[in-house]
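**Student:** next comes the sequence, and after it the predicted model I'd like to discuss.
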Amino acid sequence: MHRMVKFSIRRQFATITIGLLVGTILACWFINNTFLESYYEMEKAEVVEEAYQRLNTAAASGTLGNEDFIQDMGRFAFISNINVEVIDADSRIVYAAVFNNGEELSRRLLHYIISYAIDNTFSEEFSEEIPGPNTIFKYVDGRTKTEYLEMYGQLDNNYWFIINTTMESIQESVRIANRFLAYIGVAAALVGGILMWFMSKRVTDPVLELAEISERMTHLDFEAKYQGEEKNEIGLLGSNINYLSESLEKTVSELKTANNELQKDIEKKEQIDEMRKEFLANVSHELKTPIALIQGYAEGLREGVSDDPESRDFYCEVIMDEAGKMNTMVQKLLTLNQLEFGNDKISMERFDIVEMIQTYLQSAEILTRQSEITVKMEQSEPIYVWGDAFKTEEVFMNYFTNAVHYCQGERLIHVTIEQTDDRARVGVFNTGEPIPEESLSHLWEKFYKVDKARTREYGGSGVGLSIVKAIMESMNQSYGVQNFSDGVMFWFTLELV
């Protein structure tokens, strides 16, 4: 389960995107509202200045009344939204391009001429201070409250002129532009935030995958690997995490092996003397019977107790059978001896216990079929554990072999794997008679046999469960046996990955 993420990268991306969009739009709105009108005013002043230069050039060349000039200047005045009027010394209009309120334009020009002639005096009709000629200035019409940029003066041929353009359109344009910018800004912020929310999934999904892999690594699960093929920083991080996972798995395996060896070494010295004494005593006891049988039958053969071929074959078979049992017991005793004396090194590794058991059951299918035994195992999903895979299989083999030999009644063997906390518990149940309670505590002792006759019948040595005990203790894991009304179950545990 993922830990709760307090600050989602995806949410932060969306928030930053919306913030940048809103900030950019607000900045544009502020610049628009603060500087656009001034900028437009400068542009209009340049237009007025250009109109003056055109008039002056035409006046100097005597083409004010020329048809080409009239069309060209009229087109320029219309496009630039300016009013132009030129009069001669007799106050006759020489050129005019007026698109609104022409009488007011002529009246203002006459007023400027008169005011200039009497050295900047004022009339009641025009109360504003009159600027100097050929100067661009701003004024507000007192009646209409309309704001204008205006210029008046004399051309090089002494004709008087007036040029003006209204500022009302730019003020309205600024208001419209700001209102439109606000609408676009809100829409852009919403659309940008939504797009970023979905597009950021391409970034956050690999990050979440890496977070899940790292979380599994904290639980020593190194199975997951990053599969992304990005060529960016996330891809590089994924490759490094895969390398780290492999290195950690190898290191943990080495540490567990070293730790296991250390725990064994601590107990080893205290147990060696006692184990030697016990081993010699048990071997002497167990080998006494088969040696006596071999010796007796061999002497009988030498002394010719029976001359018929059938009896000799029987004597030879007994000798060979007892010798084979002694060989098997010696091999198991050597294995047990190596385990108990710590000479057989335990190699801790990570493996799938389910796969190991299923493989063994397939190999033992002939044995169970010959014995008319049904084997059940429900678990199929992989379960990874830490342990020595080879020796774990030997433990399971001992349990399963005993189950086959002692299976009765329904003739059923049931293999189970239960996961509890940090352990996997493997159980091998067989139907049949329960083990007497007084024998349960002695099952793991070397050479102990509950039913000596039956054990000897199938060649048992009484060492198998002692080997189980030695292996499980060498891996510091639990093992045991449990009686049921219809059978017996032997079990052992391994540490989950």
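**Tutor:** Alright, I've got the coordinates.

**Student:** who touches stretch 67-77?
**Tutor:** Contact partners of stretch 67-77, identified using C-beta atoms under 8 Å, 6 or more residues apart in numbering, comprise 50-51, 54-55, 58, 63, 83-84, 95, 97, 99. Backbone N, C-alpha and C define where each C-beta goes, glycine included.

**Student:** which of those sit farthest apart?
**Tutor:** Across the contacts of stretch 67-77, no pair lies farther apart than Thr63 and Phe99, at 22.3 Å, counting by C-beta to C-beta.

**Student:** any low-confidence regions in the stretch 251-400 of the chain?
**Tutor:** Along the stretch 251-400 of the chain, segments meeting pLDDT under 70 span 268-290, 292-293, 297, 301, 304-307, 311-312, 318, 321-322, 324-326, 328-344.

**Student:** show me where it has helices.
**Tutor:** Along the stretch 251-400 of the chain, counting by DSSP state H, counting those that start in this stretch, helices occupy 309-340, 353-363, 365-370, 389-406.

**Student:** and stretch 95-115, how far out from the chain middle?
**Tutor:** Stretch 95-115 sits 77 Å away from the centroid of its parent chain (C-alpha atoms, centre = their mean, to the nearest Å).

**Student:** by neighbour count, sort out the buried ones in the contacts of stretch 67-77.
**Tutor:** Buried members of the contacts of stretch 67-77, counted by 16 or more other C-beta atoms under 10 Å: 51, 54-55, 58, 83-84, 95, 97.

**Student:** closest one of these to Glu223?
**Tutor:** For the buried ones among the contacts of stretch 67-77, the nearest to Glu223 is Ala51 (82.2 Å; C-beta to C-beta).

**Student:** report all helices and strands that the helix or strand hosting that closest one contacts.
**Tutor:** Of the helices and strands defined by DSSP states H and E, Ala51 is found in helix 9-61. Packing partners of helix 9-61 (3 or more C-beta pairs under 8 Å, 6 or more residues apart in numbering; DSSP states H and E): helix 67-80, strand 83-87, strand 147-154, strand 160-166, helix 168-199, helix 201-218.

**Student:** TSV for these, including mean pLDDT and distance to Val468?
**Tutor:** Below are those laid out as TSV (pLDDT from 0 to 100; distance: least, C-beta to C-beta, whole Å):
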stretch	mean pLDDT	distance to Val468
helix 67-80	91	104
strand 83-87	93	113
strand 147-154	89	105
strand 160-166	91	106
helix 168-199	75	59
helix 201-218	74	32
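
**Student:** would Gly409 count as being in a helix?
**Tutor:** No. Gly409: not assigned to a helix; according to DSSP: H, G, I helix; E, B strand; the rest coil it is coil.

**Student:** so who does it touch?
**Tutor:** Counting by C-beta under 8 Å, 6+ apart, Gly409 touches 431-432, 486-487.

**Student:** how near is it to Arg75?
**Tutor:** For Gly409, the distance to Arg75 equals 115 Å [C-beta to C-beta, to the nearest Å].

**Student:** cool, and Thr493?
**Tutor:** As for Thr493, its distance to Arg75 is 99 Å (criterion: C-beta to C-beta).

**Student:** now do Trp29
**Tutor:** Distance, Trp29 to Arg75, using C-beta to C-beta: 35 Å.

**Student:** swap in Leu195?
**Tutor:** Between Leu195 and Arg75 the computed distance is 46 Å (C-beta to C-beta).

**Student:** so what's the predicted local confidence for the nearest residue to Asn158 once chain neighbours are set aside?
**Tutor:** In this structure, Asn158 finds its nearest non-sequential neighbour in Ala89, 6.6 Å apart by C-beta to C-beta, 6 or more residues apart in numbering. Per-residue pLDDT puts Ala89 at 83.

**Student:** which SS class is Ala89?
**Tutor:** What three-state DSSP gives for Ala89 is coil.

**Student:** use 22 as the first number from now on
**Tutor:** Noted, 22 is the first residue going forward, which turns the last one into Ala110.

**Student:** quick one, phi psi at it?
**Tutor:** Dihedral pair for Ala110: phi -70, psi -20, per degrees, to the nearest 10.

**Student:** how about the one 4 residues further on?
**Tutor:** Per-residue torsions, Ile114: phi -70, psi 120 (degrees, to the nearest 10).

**Student:** can you give me the distance of the residue lying closest to it once chain neighbours are set aside to Phe182?
**Tutor:** Nearest non-adjacent residue to Ile114, counting by C-beta to C-beta, 6+ apart: Ile108, 5.5 Å away. Counting by C-beta to C-beta, the gap from Ile108 to Phe182 is 8 Å.

**Student:** what is in contact with the two at once?
**Tutor:** Common contacts of Ile108 and Phe182 (C-beta under 8 Å, 6+ apart): Leu130.

**Student:** tell me which of those two has more neighbours.
**Tutor:** Phe182 (24 against 19; other C-beta atoms under 10 Å).

**Student:** right, and the more buried one touches Gln175 too?
**Tutor:** Yes. With contact defined as C-beta atoms under 8 Å, Phe182 reaches Gln175; the gap is 7.4 Å.

**Student:** sorry, back to before: so the residue nearest to Asn179 versus Ile134, what's the distance?
**Tutor:** Relative to Ile134, Ala110 is positioned 10 Å away (C-beta to C-beta).

**Student:** compare neighbour counts for the two and give me the winner.
**Tutor:** Of the pair Ala110 and Ile134, Ile134 is the one with more neighbours under other C-beta under 10 Å, namely 17 against 9.

**Student:** in space, what's closest to that one - neighbours in sequence excluded?
**Tutor:** In space, and not counting its chain neighbours, Ile134 is closest to Trp181: 5.7 Å by C-beta to C-beta, 6+ apart.
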